[in-house]
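1. Curious how this folds, go ahead:
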Amino acid sequence: MMQMRTPGDSKYNAHGTGPMDVDATANQEITNTAGLCIFHTISGATDIAGKLLHAVTGWGYSQEELNRAGLRIFSMRHAFNFREGLGPSDFKLPRRCIGQPPQEKGPLSGVTIEYKTLIRNFYQAIEWDDATGKPSRRALEKLGGLEEVIRTLNL
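-> Numbers count the residues shown, from 1 in each chain. Below is the predicted model of the structure:
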């Protein structure tokens with residue numbers, strides 16, 4: 001279960017971020033699949049992706065179904081990369097993005113991001129091994145429709 005942050009927590013506290021990051025990843029995958037830009041959320045049109053997918057396919061989607069579909073898309077891409085030998089250490093953020101070195105002036109003065117904790121939280125929430133990036137069989141089975149991926153990865 002997701003740990004909620006309290007008002008006293010720093011906005012840079014990485015505690016309990018995994019489930020939120022997994023949900024955001026699933027939503028972004030659906031946004032991309034629907035051909036939308038992330039900026040559509042600024043307009044308040046947060047449910048438009050499902051409506052657009054319904055218009056194209058004729059199928060209605062609950063938020064849970066959209067979330068699972070987004071995670072299937074993400075998991076399929078990740079499984080391909082994993083099969084080809086890519087793991088967590090092959091994906092690097094620019095040092096500037098994580099506050100290394102931290103800025104000396106301004107609102108982000110002295111701020112660094114606990115990116116390793118964020119990565120561990122994400123992998124734990126999505127049920128993948130954080131050292132190798134290998135998805136768990138259970139995680140892929142929960143999403144459904146990934147039987148061939150499970151066979152290919154020998155899970």
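
2. Just the element for the residue nearest to Ala34 when sequence neighbours are not counted, please.
-> In space, and not counting its chain neighbours, Ala34 is closest to Ala49: 4.1 Å by CB to CB, 6 or more residues apart in numbering. In this view, the C-beta of every residue, glycine as well, is placed from N, C-alpha and C. Under the criterion DSSP states H and E, the helix or strand holding Ala49 is helix 48-57.

3. which other helices and strands contact that helix?
-> Using 3 or more CB pairs under 8 Å, 6 or more residues apart in numbering; DSSP states H and E as the contact criterion, the secondary-structure elements in contact with helix 48-57 are helix 18-33, helix 63-83.

4. Out of the ones you listed, which gets nearest to Arg120?
-> Ranking the helices and strands packed on helix 48-57 by their distance to Arg120 (criterion: CB to CB) puts helix 18-33 first, at 8.0 Å.

5. which of the residues in the helix holding Ala49 are buried?
-> Residues of helix 48-57 classed as buried under the neighbour-count rule (16 or more other CB atoms under 10 Å) are 49-50, 52-53.

6. How far does it sit from its chain's centre?
-> Put simply, helix 48-57 sits 21 Å off its chain's centre (CA atoms, centre = their mean, to the nearest Å).

7. what residues does that helix touch?
-> Outside of helix 48-57, the residues that reach it under the criterion CB atoms under 8 Å, 6 or more residues apart in numbering are 30-31, 33-36, 40, 59-61, 63, 66.

8. burial measure for Asp23, as a count.
-> Other residues near Asp23 come to 15 when the count uses other CB atoms under 10 Å.

9. and Leu86, what does it touch?
-> For Leu86, the residues meeting the contact criterion (CB under 8 Å, 6+ apart) are Gly133.

10. Correct me if wrong, but it is in a strand.
-> No: according to DSSP: H, G, I helix; E, B strand; the rest coil, the state of Leu86 is coil, so it is not within a strand.
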